[in-house]
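> Kindly return the folded structure for what I paste below:
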Amino acid sequence: ISDIRKFVRLSIWYSGWNLVQRILISSDVVIIGFMISAVAVTDYTLTAYVAVTATTALTMVVGSATPGLGGLIGKGEFDKTLSAHQEMMVLSIILLGATGVTILLWNQSLISLWVGEARYAGGEVNLLVVLMGVQLLFIRNDAYLIDATLDMKKKVKVGFFASLVMVIAA
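Predicted coordinates for the structure are as follows:
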């Protein structure tokens, strides 16, 4: 019964982290809609589409190392864990660099061909969306390491506080 309780508590904390992620990922659209207009949300969402999709794909690639990190942590091989985490960060930098530059160079053309020039939110928004993707991937790199340690309670509390501050500041 003790193991079941531990598992249930861990599952609840994982659910809490999913809620924090939803706040982090979706709050920008809600704030833009509330502060500006539905048309601005449309332009923003279309401009952000490629960056969001690319970030999701890159997150899946980098996150595939999580079971290996868990195995290293479980064996107590913390030097190897740190080395693997550093390799994840380097891989992220390389992938983000190539992807980000491509988005910054070609997203306006894609939006123009896809739905028309009027729906492109602008270069500043494009840059900010790419930077948000960079930030999100680095947050998730560290989150994967924390997930492997199974210390979800602290992660959820800090993440919730950070997302609350972000929404209030926005």
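> Give me the distance between the most centrally placed residue in the chain and residue 52.
Most central in the chain under C-alpha atoms, centre = their mean is residue 136, positioned 3.1 Å from the mean C-alpha point. Using C-beta to C-beta, to the nearest Å, residue 136 is found at 9 Å from residue 52. From N, CA and C alone the C-beta is placed, and that goes for glycine too.
> Correct me if wrong: the residue nearest to the centre of the chain contacts residue 21.
No: contact criterion C-beta atoms under 8 Å: residue 136 and residue 21 do not qualify, at 9.2 Å.
> Need the mean per-residue confidence for stretch 87-100.
Averaged across stretch 87-100, pLDDT comes to 92.
> whoops, stretch 146-153 was the one
Computed over stretch 146-153, the mean pLDDT rounds to 80.
> dump the residue contacts of the nearest residue to residue 52 once chain neighbours are set aside.
Of all residues not flanking residue 52 in the chain, residue 133 sits nearest, at 7.1 Å (C-beta to C-beta, 6 or more residues apart in numbering). Contacts for residue 133 (C-beta atoms under 8 Å, 6 or more residues apart in numbering) come out as 51-52, 54-55, 58, 96, 99-100.
> Please name the nearest non-neighbouring residue to residue 55.
Leaving aside its sequence neighbours, residue 55 sits nearest to residue 133 (C-beta to C-beta, 6+ apart; 3.8 Å).
> Next, residue 121: secondary structure please.
Following DSSP: H, G, I helix; E, B strand; the rest coil, residue 121 is assigned to coil.
> Surely it and residue 51 touch.
No: checked against C-beta under 8 Å, the pair residue 121 and residue 51 is beyond contact range at 11.4 Å.
> picking that back up, dihedrals phi and psi, the residue nearest to the centre of the chain?
When read as degrees, to the nearest 10, the backbone of residue 136 gives phi -60, psi -40.
> For it, give me its contacts.
Neighbours of residue 136 in contact, by C-beta under 8 Å, 6+ apart: 24-25, 55, 59.
> Distance-wise, check it relative to residue 63.
12 Å.
> Now residue 88: phi and psi?
Torsion angles, degrees, to the nearest 10, at residue 88: phi -60, psi -40.
> isn't it right next to residue 64, touching?
No: using C-beta under 8 Å, residue 88 makes no contact with residue 64, being 9.9 Å away.
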